[in-house]
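K.L.:
need a 3D model of the sequence below.
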Amino acid sequence: MSGEHASMRLIDDYARGDTTIAADTVWALEAHLETCAPCRGRLAASVATEAPDVAALLGTVRAALEPQLDAAVRAPRRRRPRWVSTWLTPAVAPWLAMTVLVTLTALLLDAIASPTFFGGASPVLPIAPVLPLCGVAASWSRGLDPAHELTASTARFGLPLLLRRTTAVLLVVLPGLVTWGWLTGTMTAAQWLLPSLAFTSTALALGSVIGVTRAAAGLAAAWGVVVVVPAWATGHVPLALRLLLQHDRLPGWGLVLALGAAAVIARRNAYSTL
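P.N.:
Alright, predicted model coming up:
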């Protein structure tokens with residue numbers, strides 16, 4: 001890659017299917033081709049001369065499909081902003097809605113419950129650290145994404161796309177919790193925001209080994225069994241939770257966040273093969 005466009009030599013090698021091209025170079029070229037019409041035109045011309053078998057195959061497929069495409073009824077074009085498909089998968093919408101619903105239910109309970117029902121603590125506090133994990137689990141679920149095979153074949157598949165979708169989940173979930181804590185004064189962002197980010201980074205780090213969906217769901221389930229269920233069943237926030245979310249424990253959560261981020265960076269190539 002040089003300047004604003006790919007070199008003709010690189011395009012010719014790519015058209016021939018040269019396996020000696022470095023993987024990061026292939027990724028950079030394919031990402032560039034997504035937005036550069038002139039280079040796509042040069043690639044089409046290169047395929048015709050450097051890979052005539054591929055060009056002939058494409059011509060045969062095009063000739064077979066054109067009559068069917070002309071006869072097919074065109075579906076109405078959906079006007080959806082481009083950034084939506086870049087940052088979110090359609091399958092994650094119901095999971096985000098579920099996460100928001102759980103958040104609103106807890107906030108409503110916080111508003112109407114007796115101040116002593118949860119030992120004077122907010123009922124949102126036990127679930128706040130793991131709320132984003134529901135959306136993170138759905139955003140990278142192979143079974144929930146009907147376009148997974150198409151997504152997996154794109155140049156931007158892997159860690160960049162995973163980070164986009166995780167950021168979109170955090171942008172949906174965190175503002176409501178921050179606003180409620182600020183309006184009610186029942187919990188500070190420091191009590192749950194850093195643990196929430198630590199859980200998210202840990203889920204992504206473990207996801208490079210066992211899959212992001214399994215890691216996020218497993219962490220959320222473990223936290224629920226140990227903390228959330230006892231808290232809601234007894235009406236008292238467990239002492240362990242109080243100790244974990246105290247301000248003097250924040251450096252520990254920060255360390256977990258840093259270790260998770262470091263593991264994600266170290267294993268960044270593993271996300272393209274999950």
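
K.L.:
and residue 39, what pLDDT?
P.N.:
With respect to pLDDT, residue 39 scores 90.

K.L.:
residue 127 contacts residue 228, correct?
P.N.:
Yes: if you go by CB atoms under 8 Å, residue 127 and residue 228 touch, sitting 5.5 Å apart. Yep, even glycine has a C-beta here, placed from its N, CA and C like the rest.

K.L.:
joint contacts of those two?
P.N.:
With contacts taken as CB atoms under 8 Å, 6 or more residues apart in numbering, residue 127 and residue 228 have no neighbour in common.

K.L.:
any idea where the strands of the stretch 151-274 of the chain begin and end?
P.N.:
Using DSSP state E, counting those that start in this stretch, no strands are found in the stretch 151-274 of the chain.

K.L.:
touching, residue 202 and residue 260? I think so.
P.N.:
Yes: using CB under 8 Å, residue 202 is in contact with residue 260, at 4.5 Å.

K.L.:
number of nearby residues for residue 10?
P.N.:
Applying other CB atoms under 10 Å, we find 21 residues neighbouring residue 10.

K.L.:
wait, it touches residue 21, no?
P.N.:
Yes: the pair residue 10 / residue 21 is scored as a contact, 7.5 Å apart, by CB under 8 Å.

K.L.:
for the lengthiest helix in the chain, buried residues please.
P.N.:
Longest among the helix segments of the chain by residue count, using DSSP state H, is helix 159-184. Neighbour counts over helix 159-184 (16 or more other CB atoms under 10 Å) mark 159, 161-162, 164-166, 168-170, 172-174, 176-177, 180-181 as buried.

K.L.:
so which elements touch that helix?
P.N.:
Applying 3 or more CB pairs under 8 Å, 6 or more residues apart in numbering; DSSP states H and E, we find helix 159-184 packed against helix 82-87, helix 92-112, helix 131-139, helix 189-210.

K.L.:
coming back round to it: determine which two of the buried residues of helix 159-184 are furthest apart.
P.N.:
159 and 180 (31.7 Å; CB to CB).

K.L.:
phi, psi of residue 17?
P.N.:
Dihedral pair for residue 17: phi 80, psi 30, per degrees, to the nearest 10.

K.L.:
which ones are touching it?
P.N.:
Taking CB under 8 Å, 6+ apart, one finds residue 51 in contact with residue 17.

K.L.:
for the one 4 residues further on, same thing?
P.N.:
If you count contacts by CB under 8 Å, 6+ apart, residue 21 has them with 10, 13-14.

K.L.:
which of these fall within helices?
P.N.:
Filtering the contacts of residue 21 for helices - DSSP H - leaves 10, 13-14.

K.L.:
let's have those residues in CSV, adding distance to residue 248 and pLDDT.
P.N.:
Below are those laid out as CSV (distance: CB to CB, whole Å; pLDDT from 0 to 100):
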residue, distance to residue 248, pLDDT
10, 55, 90
13, 58, 88
14, 55, 89
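
K.L.:
hang on, the earlier thing: flag the least confident of the buried residues of helix 159-184.
P.N.:
In terms of pLDDT, the lowest of these is residue 181, showing 66.

K.L.:
what's the weakest-modelled helix or strand in the protein?
P.N.:
Among the helical and strand segments of the chain, the one scoring lowest on mean pLDDT, DSSP states H and E is helix 82-87, with a mean of 56.

K.L.:
does residue 133 really touch residue 199, like I thought?
P.N.:
Yes: the pair residue 133 / residue 199 is scored as a contact, 6.1 Å apart, by CB under 8 Å.
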